[in-house]
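1. Can you look at this prediction? I've put the sequence above it.
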Amino acid sequence: MYTEKVMDHFAHPRNMGEVEGANGVGMVGNAKCGDIMQMFLKVNDDGIIEDVGFKTFGCGAAVATSSMATELIKGKSIDEALKLTNSAVVEALEGLPPAKLHCSVLAEEAVRAAIDNYYARKEGKAEECNCVSCGHDHESEEQKAE
Ligand code: FES
């Protein structure tokens, strides 16, 4: 049912986990299957994705597609990452069963959501720290403000 590539990324996910100092974080979910995917980007001043990570609460194909998506955008520019499609992820995984194609859509959406958050933060339209763990020391910041 699954290609070797899918099984490899499922068994050995690349770039799994949060990224310290991430400046773009997006979370998406699929209401039907209940799967959730969170994407962390660390974009440098030149607009290059220096580091990327993901956390996925979902099926094996969702883990494999998020893992592959991170590999495809790591080291790329934001503009290139925006062009990432779910079919490019599926192609890189050498195919997915039709019933699992929506998992790759989730990966594409998670990347877009993280990029949206990166731009929103830059424009001051989003909280800098709307993520679960962004590396900021909120407690001492609050103390300083008192
Ligand atoms: S079954 Fe929903 S993302 Fe895989």
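-> Cool, the structure landed.
2. close enough to count as contact, residue 2 and residue 97?
-> Yes. Using CB atoms under 8 Å, residue 2 and residue 97 qualify as a contacting pair, with a distance of 7.3 Å. (C-beta placed from N, C-alpha, C; glycine too.)
3. the more surrounded of these two?
-> Per other CB atoms under 10 Å, whichever of residue 2 and residue 97 has more neighbours is residue 2, with 18 against 12.
4. Quick one: name the residues of this structure near the ligand.
-> 30, 33, 35, 58, 59, 61, 62, 100, 102, 103, 106 (CB under 6 Å from any ligand atom).
5. Please repeat the previous calculation with a cut-off of 8 Å.
-> Residues of the chain lying close to the ligand (CB under 8 Å from any ligand atom) are 30, 32-35, 37, 58-62, 65, 100, 102-103, 106.
6. Among those residues, which one sits closest to residue 85?
-> residue 65 (11.7 Å; CB to CB).
7. Could you tell me how far the closest one is located from residue 20?
-> Distance from residue 65 to residue 20, counting by CB to CB, to the nearest Å: 24 Å.
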